[in-house]
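*Asks:* Structure for the following, please:
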Amino acid sequence: MEGKQPQAPGAAAVPGAVAEEPRPEGSDAAASDALGRPLGPTPSQSRFQVDLVAEGAGRPPEAPLKAGGEGGAGGKGSEEAKGRFRVNFVDPSAGDESPGEPGGGSSEGGNVSFQNGGDTVLSEGSLHSGGHHHYYYDTHTNTYYLRTFGHNTMDAVPRIDHYRHTAAELGEKLIRPSLAELHDEIDKEPFEDGFANGEEGTPAGEAAATYTPDSKGVVKFGWIKGVLVRCMLNIWGVMLFIRLSWIVGQAGIGLSVLVIAMATVVTTITGLSTSAIATNGFVRGGGAYYLISRSLGPEFGGAIGLIFAFANAVAVAMYVVGFAETVVELLKENGALMIDEMNDIRIIGAITVVILLGISVAGMEWEAKAQIVLLVILIIAIGDFVIGTFIPLDSKKPKGFFGYKAEIFAENFGPDFRNEETFFSVFAIFFPAATGILAGANISGDLADPQSAIPKGTLLAILITTLVYIGIAVSVGSCVVRDATGNVNNTIISELANCTTAACKLNYDFSSCQKDCHYGLMNNFQVMSMVSGFAPLISAGIFSATLSSALASLVSAPKIFQALCKDNIYPGFLMFAKGYGKNNEPLRGYILTFLIALGFILIAELNVIAPIISNFFLASYALINFSVFHASLAKSPGWRPAFKYYNMWISLVGAILCCIVMFVINWWAALLTYVIVLGLYIYVTYKKPDVNWGSSTQALTYLNALQHSIRLSGVEDHVKNFRPQCLIMTGAPNSRPALLHLVHAFTKNVGLMICGHVHMGPRRQAMKELSTDLAKYQRWLIKNKMKAFYAPVHAEDLRDGGQYLMQAAGLGRMRPNTLVVGFKKNWRQTDMRDVETYINLFHDAFDIQYGVVVIRLKEGLDISHLQGQEELLSSQEKSPCSKDVIVKVDYSKKTETETSIAFAPSSSEKTHALHKEEDEDGKTPTQPLLKKDFKSTSPLNLADQRLLDASTQFQKKQGKSNIDVWWLFDDGGLTLLIPYLITTKKKWKDCKIRVFIGGKINRIDHDRRAMATLLSKFRIDFSDIMVLGDINTKPKKENIAAFEEMIEPFRLHEEDKEQEIADKMKEDEPWRITDNELELYKTKTYRQIRLNELLQEHSSTANIIVMSLPVARKSAVSSALYMAWLEALSKDLPPILLVRGNHQSVLTFYS
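*Replies:* Next up, the predicted model:
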């Protein structure tokens, strides 16, 4: 902005922001605003400015205006200025001169006045008007808001530019103010850089701000030039002139009309479906591929895109062979064949396709006028044929043409299939003649109004072409006999006795044609030339029809293929996505299409090529029809086609018809097409391309999930259908992988798994994190093949967060019933209020009728200090305000050095697992923040190394070992169900369940038999049952002493203190253990210590131990004592799950 001259008073920067507070009017206020910035945009901000002309310009200058930040216009011309404002166009090339004021002079001359108070919204088309300079301007600005709402507001009014994609081709993407900008407290000047939300820094913003279209205006076609002409040119092709007469000869007039009608039914239904999809939003290049992929998703779209592009490439060959056949026919008539017919077709076809390639690569655009010229030639050729039918010349009679004769009509009405042709083989050869119906839809991006043009143009083209096909079929069938010799001497002089054929009745004897004839409907493909009034016109018609269709296919095949490659569905084809020149021409695609077409031209047999194309086109049509059915079935709110004359069931019938016709045409080609489509579908599904097009497949998945969830809600729970549905307090899911994998072992494909994450700290900060974390961690779970949901909440502390999750997580019947937490390993070192919160989580869970599972690994669970900071750094790089305040159930206080050492990027091989995620993203893990304190080459210390190994132990296959179940108390069976579910998984299937129960020494056998009976009734396999008769023996003295030493810091010792002091202390620190409590629960304390001794003795080699969790009575047992029990019970053991169900049966032996 330096060096610019100040603007005229009253000028204001428009895009984006309007200051909220009114500013008093004055001569100085105009020069700069409150922040000391000159008014008016920098070139990067805006291409225009608006001079406000105030309605009350005549009032005294001290009268403040309501308009925030605007000065009065004052002075001359104020009377005529009412209700008007001026837009000064700013020429970006004007250098440093003030916008609209060349040389700083009067701004009057540069101003353009708009009436209507600013309601001048440009249409999409007018954004591409010609002329050297191109301007975006936003007339919805200060004046508009002031005049509309009576006050200034940052809120944006509805307009099309807010809904564009970032890379919009039709105009600039504008960003509406975010909710945060309207709603949050103001902590800085909003939009101080002139862009909403700092938008100018984003690539999208840059692209939008700097994009200016070509100086050449973009031509938008109407429905006639754009759709009707293209479709008619494509539908009328080779078939019309050189195969229709042969089809009438084989199938007869009646069945020929039926063939045409059948093809029309399929194309009409597909035309209706195409109209529906094409009018459901803006369509880019790519034709059928774009329509199908955006409707059904990348799997079907990717499969059909490849086939559709290939079919178009083969269609080039078909049209060129048709052209070559005509040329060779002309050469033959003039005796100028080069080698023989077949090779001549190959030579001419190859030369033609090279010329066509040259035309398309040179970028010779077929303007609409050229299309119309071709269409005119076609129509003249058809007219030439029709006129010819009325003037039968004697010279043509030997060749089988007699004019309209009832005898010929009667004879040709029925079929006469020869050379193993059938109705369906004839249909297969005709059907490609109906396949041009997508020509208009393929260029929908270039239509002025695709929503009315595509339906009108496509359906009218189908109607006109069908009528012409039927008309020509009937007329050629009424004029020309099936066989003729072409020999003038075959006239009949004397009456023949057995005269049956029409030719015989017309005094010609073509009976010698049983062997070999070259004329007539059956033998001469150029019948239309022979019949026509002026034969060269038919040749011109054939040339125009074939070459226009061939060129259209040669252009569309690479475009479709380029659209497919740009979406990167098949990474191997990415090289073909590159475009060249201003029109982004896919030159590599042209070469590929040329090679495919050349290969098929060398086959040189139209009848062999036609069925292959038919199958590929039909597969595309079937999926377009199915897309409409599927989108209607999914009831997505985004499915709102402007074209209303479609029906989901008719579309389904159309899809089925297409599939049937595929088999009718050629059963092995149909099977091959199905196999190719299915193979490509499976490949794309397996590759999972990272695209989201809002397909109807997603919509239907959602609808099914919703309907089934609601249906499930109406069903009462039954014990046979009980599933452990776990809410795991994981914090960030990747910080406790062992916890996640162990729970996943018994919930995968069985029950619900929700990873709860409580965010604490400042609310505003946490709210930002919630949204970023939700997407990030759900993606992480999917990437790691975890069938789980991520549920973050913000709360004041862990207990509140846990309560919110337990009460609100889940949906209908899919709600958690079991709380899973990691054992709080560092409880003795941490603040005891955290321990109180942690234990209260258990009490809350039991209050809400949840089961509780506590999982302990002796190495610990939390590895966030090994990889959390690295993620924290990368997330800070991505979003400046994102910082991971993770609430950990397993608080792990490591020293600064340990944390740092653990983080060295080039540490031992074991850390490779940690960096895997970064490596996959192609980023090198760096740790600049920690390099100050130590050398980055330090290896992991031993404890961290063990922790890391332990965190992955449940991802490996578990060998032949035991799962020990200590089912001491009956909690409804959850303690037994969890280990059973674990053993059903592939990684755990070699593990055997051993059951341990308490019992009396004198009844050990009885108890074992009773338990064996119970387990067999539950149909749960076990390898052994052990009854522990010595469970109530007093534990060893050294263990009791160790326990007492452990709880010493947490005791109240009320007997050594005065009553008041003791009571006050207990009130302030409710977690303290009283002497009374310790005495009261002495037996229970001893039992935990004794159980640990037994566990060490019997289960020290088990893979995993599942044990009944001791329950502490609320308000009677202090948190410290309960925590000490859990510590004493579970220390120095293999991974242990302490389980307590909610005492409702989860197992049953009834069927």
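*Asks:* what's near enough to touch R418?
*Replies:* R418 makes contact with 250, 522 under the criterion CB atoms under 8 Å, 6 or more residues apart in numbering. From N, CA and C alone the C-beta is placed, and that goes for glycine too.
*Asks:* Now name the helix or strand holding it.
*Replies:* R418 is part of no helix or strand, with elements assigned from DSSP states H and E.
*Asks:* Renumber starting at 607 from here on
*Replies:* Happy to do that; since the first residue is 607 now, the last one works out to R1024.
*Asks:* The nearest residue to A1618 once chain neighbours are set aside: what secondary structure?
*Replies:* Nearest non-adjacent residue to A1618, counting by CB to CB, 6 or more residues apart in numbering: I1631, 5.8 Å away. What DSSP: H, G, I helix; E, B strand; the rest coil gives for I1631 is strand.
*Asks:* Show me what I1631 bridges to in the sheet.
*Replies:* Under DSSP bridges, the beta-bridge partners of I1631 are V1601.
*Asks:* Can you show me the strands along this structure?
*Replies:* 617-618, 654-657, 691-695, 717-720, 1332-1335, 1359-1365, 1395-1400, 1424-1428, 1457-1462, 1568-1572, 1598-1604, 1630-1634, 1710-1714, 1742-1746 (DSSP state E).
*Asks:* was I right about L1621 contacting F1628?
*Replies:* Yes: look at L1621 against F1628 with CB atoms under 8 Å: they come within range, at 5.5 Å.
*Asks:* Which neighbours do these two have in common?
*Replies:* Common neighbours of L1621 and F1628 (CB under 8 Å, 6+ apart) are V1601.
*Asks:* From I1144, how far off is V979?
*Replies:* To I1144, V979 is 17 Å away according to CB to CB, to the nearest Å.
*Asks:* again but with M1254, I slipped
*Replies:* The spacing between M1254 and I1144, counted by CB to CB, is 44 Å.
*Asks:* Look at those two and report which has more neighbours.
*Replies:* Remark: of M1254 and I1144, I1144 carries more neighbours, 26 against 16, as counted by other CB atoms under 10 Å.
*Asks:* give the contact list for T885.
*Replies:* T885 touches 1056-1057, 1060-1061, 1247-1249, counting by CB under 8 Å, 6+ apart.
*Asks:* Distance-wise, check the residue nearest to P1422 when sequence neighbours are not counted relative to N1272.
*Replies:* In space, and not counting its chain neighbours, P1422 is closest to L1333: 3.8 Å by CB to CB, 6+ apart. To N1272, L1333 is 57 Å away according to CB to CB.
*Asks:* of those two, who's got more company?
*Replies:* L1333 (27 against 19).
*Asks:* ok so, going back, might you report the residue contacts of the residue nearest to A1618?
*Replies:* Contacts of I1631 by CB under 8 Å, 6+ apart are 1600-1603, 1614, 1617-1618, 1621.
*Asks:* Try it again at 10 Å.
*Replies:* 1571, 1573, 1599-1603, 1613-1618, 1620-1621 (CB atoms under 10 Å, 6 or more residues apart in numbering).
*Asks:* Same check on L962?
*Replies:* L962 neighbours (CB under 10 Å, 6+ apart): 922, 925-926, 929, 1153, 1156-1157, 1159-1161, 1196, 1200, 1203.
*Asks:* and if you look at L1697?
*Replies:* Counting by CB under 10 Å, 6+ apart, L1697 has contacts 1572, 1574, 1602, 1604, 1634, 1637, 1641, 1713-1714, 1716, 1731, 1734-1736.
*Asks:* picking up where we left off before, between the contacts of I1631, which sits nearest F1140?
*Replies:* I1599 (93.9 Å; CB to CB).
*Asks:* Next one: the closest one relative to D1630, how far apart?
*Replies:* In terms of CB to CB, I1599 sits 9 Å off from D1630.
*Asks:* ditto for I1607
*Replies:* Taking CB to CB, one finds I1607 at 19 Å from D1630.
*Asks:* A1726 now?
*Replies:* Plainly put, A1726 is 37 Å away from D1630 if you go by CB to CB.
*Asks:* Looking at these two, which is more packed in?
*Replies:* Between A1726 and D1630, counted using other CB under 10 Å, the more crowded position is A1726 (26 against 12).
*Asks:* from the contacts of L962, which two are the most distant?
*Replies:* Going by CB to CB, the pair spanning the contacts of L962 furthest: F929 and Y1196, at 18.9 Å.
*Asks:* between these two, who's got more neighbours?
*Replies:* Of the pair F929 and Y1196, F929 is the one with more neighbours under other CB under 10 Å, namely 27 against 24.
*Asks:* thought the more buried one was touching I1148?
*Replies:* Yes: here F929 reaches I1148: they are 6.9 Å apart, a contact under CB atoms under 10 Å.
*Asks:* what residue is smack in the middle of the protein?
*Replies:* Nearest to the geometric centre of the chain sits N1298, at 1.5 Å (CA atoms, centre = their mean).
*Asks:* Tell me if I'm right that that residue and S899 touch.
*Replies:* No: N1298 is beyond contact range of S899, at 11.8 Å (criterion: CB under 10 Å).
*Asks:* What is the neighbour count of P1585?
*Replies:* P1585: 25 neighbours (other CB under 10 Å).
*Asks:* my bad, should have said W1274
*Replies:* By other CB under 10 Å, 10 other residues sit near W1274.
*Asks:* contacting residues around it?
*Replies:* Contact partners of W1274, counting by CB under 10 Å, 6+ apart, are 1217, 1221.
*Asks:* Worst mean pLDDT across the helices and strands of this protein, which element?
*Replies:* Among the helices and strands of the chain, helix 1502-1508 carries the lowest confidence by mean pLDDT, DSSP states H and E, at a mean of 30.
*Asks:* what sits in contact with each of I1599 and D1630?
*Replies:* 1568, 1570.
*Asks:* before we move on, the earlier item: got the strands of the chain as CSV, with distance to E939 and mean pLDDT columns?
*Replies:* Converted to CSV, the strands of the chain look like this (distance: least, CB to CB, whole Å; pLDDT from 0 to 100):
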stretch, distance to E939, mean pLDDT
strand 617-618, 78, 40
strand 654-657, 68, 42
strand 691-695, 66, 42
strand 717-720, 67, 39
strand 1332-1335, 84, 92
strand 1359-1365, 79, 91
strand 1395-1400, 76, 91
strand 1424-1428, 88, 92
strand 1457-1462, 90, 92
strand 1568-1572, 90, 90
strand 1598-1604, 90, 89
strand 1630-1634, 97, 87
strand 1710-1714, 90, 91
strand 1742-1746, 92, 92
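*Asks:* closest to Y1280 out of those strands?
*Replies:* strand 1395-1400 (36.7 Å).
*Asks:* the inter-axis angle of the closest one versus strand 1359-1365?
*Replies:* 20 degrees (axes from the mean of the first three to the mean of the last three CA atoms, to 10 degrees).
*Asks:* distance of I951 from I1209?
*Replies:* Taking CB to CB, one finds I951 at 10 Å from I1209.
*Asks:* Between those two, which has more neighbouring residues?
*Replies:* I951 (26 against 16).
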